[in-house]
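Novice: Generate coordinates for the sequence data below:
(chains A and B)
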Number of protein chains: 2
Amino acid sequence: MCVLGLGLIGGSVMRAIAAQGRDVFGYNRSVEGAQGAIADGFDATTDLTDALTRAADTSALIVLAVPMPALPGMLAHIGELAPKCPLTDVTSVKSAVLDEVAAAGLQERFVGGHPMTGTENSGWAAGHAGLFTAAPWVISVDDHVDPVVWWMVMTLALDCGAAVVPARSDEHDAAAAAISHLPHLLAEALAVTAAEVPLAFALAAGSFRDGTRVAGSPPDLVRAMCEANAAQLLPAVDRIIDLLSRARDSLDWDNSVAELVDAGHAARIRYDRFPRSDIFHVVIGTEHWREELAAAGRAGGVIRSALPIRDSPR
Amino acid sequence: MCVLGLGLIGGSVMRAIAAQGRDVFGYNRSVEGAQGAIADGFDATTDLTDALTRAADTSALIVLAVPMPALPGMLAHIGELAPKCPLTDVTSVKSAVLDEVAAAGLQERFVGGHPMTGTENSGWAAGHAGLFTAAPWVISVDDHVDPVVWWMVMTLALDCGAAVVPARSDEHDAAAAAISHLPHLLAEALAVTAAEVPLAFALAAGSFRDGTRVAGSPPDLVRAMCEANAAQLLPAVDRIIDLLSRARDSLDWDNSVAELVDAGHAARIRYDRFPRSDIFHVVIGTEHWREELAAAGRAGGVIRSALPIRDSPR
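Specialist: Coordinates of the predicted model:
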């Protein structure tokens, strides 16, 4: 396996896969990241041509773990040096990545992925082999995906200790807007609002720390994921502005925030009780396997041990 | 000491004070809460008249730990049965409590307080003696406060393991709106927004869980604190709607959320680096002691060991 980009996510994938005894090598643009990996005993280089040639020679699964802005350049190199390799990514916006991959002519061997985890830290040093333990790892089941590549990416995620959630790219992105990108914008806005009130930082405790934790994320990463998902993020921002505006007016006119608070509490309780189930009945590559997986993922299903694949896929 | 209301906060005060070897007894309206305390070896009753008579007989410091809506009735009883007792509270909105206390004619012996801690759970069973450890505990330094009562309330907070932050009631409330009440409304609105997106709960991870944690709080408590602080909460909600609306337009027109994300990250970093210092130079009861404490609290100062009090206060 070949990991391109050894930051928090890519570096953690490399550690987790190596811990399973699987062969893995990696590339990192910065010398610092590559040397950090080498110093920790991993097989890493800053020579992209070398890494991709080796990937092509060994038919390695390539894991794209670079930030969105670096993606087009990286895909151009892959198209030149390793166009037949199975390909996945660990980026947060699936439709935007899929568009770039298709533009580079690499769609046929590509299955997008998104491990839903992270911390406010970044870089090789921030990663660890346990980062994905029990975390959801979305794997795209768009119409085009190849069963064999899908099986390889599923195995990667399971080897990292994650719980695989199959989902269509567009549905993933709408969900990511609501549960990741919008919370980031709220955290930023809350931090700004509180910073303007003299005593606020002196008193800030649990709900402020929790509510602004992700505002500690590197701004370029937050921008990259929000801006790449603008189409799905805009309606989510509109919705929350609408909810807050109505609560504001109700507080002003009737001294009540009952409607929002009751609805929010009910929604959070529904989330706490959201049923999780294991997907085990789908055979990859059989008729309608993609649709069946998408439906199961939507209903809370996750894959915790490898699904079988049909003998002669397609 | 007499604690009125043995929920999460009052019950934790009772445990923390008893752990210091100090005499403490309590009242709780519900039989369940009082029996929980008694079963755990504490001195508790459901008889308010009994508790207040005993407080008056022993000149006990009375700690108001009842929800805002129960406050006027409770103050009427105190005015009748224990009007000379020193009085404090552990409620989240200081101006509203001060108004109620003044309306009951009990302002002279009252010093408001607010331990800035809590969990999404409530009731006697949720409390524990360590709840206040290292947490900020605001004690009001409004113009009227009496030095001797102030010293008693400071000692209560320090005995609970808290770090005392002296602050004016109005400044406290503006800060609480920004760092507590607004985050609650954001959590509620985020939970509602995500609940409407099919795949969202299936994928929700860290930033959603953190961002909606306080939406698990009992709705009546959230309503009570937000609605009691409407005057300070409204401008905070207006400000965050404004920030989100500008980010939304910038995302729509220029595909950029740079302004908000950069400002939010900078604010969060400022918070992480906010200087904390120990207040030790103020003698309670000397000239301008209240103003000096308010200024020190605003600058990040906290009281970690008891300040001296002037021999003959006033």
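Novice: alpha carbons only for contacts and neighbour counts from here, please
Specialist: Fine.
Novice: Does chain B have contacts with stretch A:101-114?
Specialist: No - Stretch A:101-114 does not reach chain B (CA under 8 Å from any CA of the partner chain); its nearest approach is 10.2 Å.
Novice: Going by neighbour count, list what's buried in that stretch.
Specialist: Under the neighbour-count criterion of 16 or more other CA atoms under 10 Å in any protein chain shown, stretch A:101-114 has A:101, A:104, A:106-114 buried.
Novice: Check which element follows the longest helix seen in chain A along the chain.
Specialist: If you go by DSSP state H, chain A has its longest helix at helix A:230-254. Remark: after helix A:230-254, the chain's next helix or strand is helix A:258-272, criterion DSSP states H and E.
Novice: now for that following helix, which elements pack on it?
Specialist: helix A:230-254, helix B:182-195, helix B:219-228 (3 or more CA pairs under 8 Å, 6 or more residues apart in numbering or on different chains; DSSP states H and E).
Novice: Run the chain-centre distance for the shortest one.
Specialist: When you say that, I think you mean helix B:219-228. Centroid separation for helix B:219-228 versus its chain: 13 Å, with CA atoms, centre = their mean, to the nearest Å.
Novice: That one vs helix A:230-254, what angle?
Specialist: If you take axes from the mean of the first three to the mean of the last three CA atoms, to 10 degrees, helix B:219-228 sits at 70 degrees to helix A:230-254.
Novice: same check, this time on the second one
Specialist: Inter-element angle recorded for helix B:182-195 and helix A:230-254: 130 degrees (by the same axes, to 10 degrees).
Novice: contacts for the helix or strand just after helix B:182-195?
Specialist: Using DSSP H and E, the helix or strand that follows helix B:182-195 in sequence is helix B:200-203. Applying CA atoms under 8 Å, 6 or more residues apart in numbering or on different chains, the contact partners of helix B:200-203 are A:116, A:136, A:138, A:165, A:174-176, A:178-179, A:271, A:274, A:276, A:297-301, B:194-195.
Novice: And stretch A:239-254, by the same measure?
Specialist: Under the criterion CA under 8 Å, 6+ apart, residues A:256-257, A:259-260, B:185-186, B:189-190, B:193, B:227, B:230, B:234, B:237-238, B:241, B:244-245 lie in contact with stretch A:239-254.
Novice: residue contacts, the closest residue to residue A:19 other than its chain neighbours?
Specialist: Once flanking residues are discounted, residue A:19 sits nearest to residue A:129: 7.4 Å by CA to CA, 6 or more residues apart in numbering or on different chains. By CA under 8 Å, 6+ apart, the contact list for residue A:129 reads A:12-17, A:19, A:160.
Novice: 10 Å instead?
Specialist: By CA atoms under 10 Å, 6 or more residues apart in numbering or on different chains, the contact set of residue A:129 is A:9, A:11-20, A:160-161.
Novice: Check residue A:93 too.
Specialist: Contacts of residue A:93 by CA under 10 Å, 6+ apart are A:68, A:112-114, A:169-170, A:172-174, A:176-177, A:181, A:224-230, A:232.
Novice: Also residue A:17?
Specialist: By CA under 10 Å, 6+ apart, the contact set of residue A:17 is A:1, A:23-24, A:129, A:156-161.
Novice: what does residue A:214 give?
Specialist: Applying CA under 10 Å, 6+ apart, we find residue A:214 in contact with A:118-121, A:180, A:183-188, A:222, B:206-207, B:210-211, B:264-265, B:268.
Novice: swap in residue A:304?
Specialist: Shown in contact with residue A:304 (CA under 10 Å, 6+ apart): A:134, A:136, A:154, A:157-158, A:161-165, A:277-280.
Novice: and the contacts of helix B:200-203, which are buried?
Specialist: Those of the contacts of helix B:200-203 that meet the buried threshold are A:116, A:136, A:138, A:165, A:174-176, A:178-179, A:271, A:297-301, B:194-195, by 16+ other CA under 10 Å.
Novice: In the stretch 201-314 of chain A, which residue sits closest to chain B?
Specialist: Closest approach between the stretch 201-314 of chain A and chain B, counting by CA to the nearest CA: residue A:264, at 3.9 Å.
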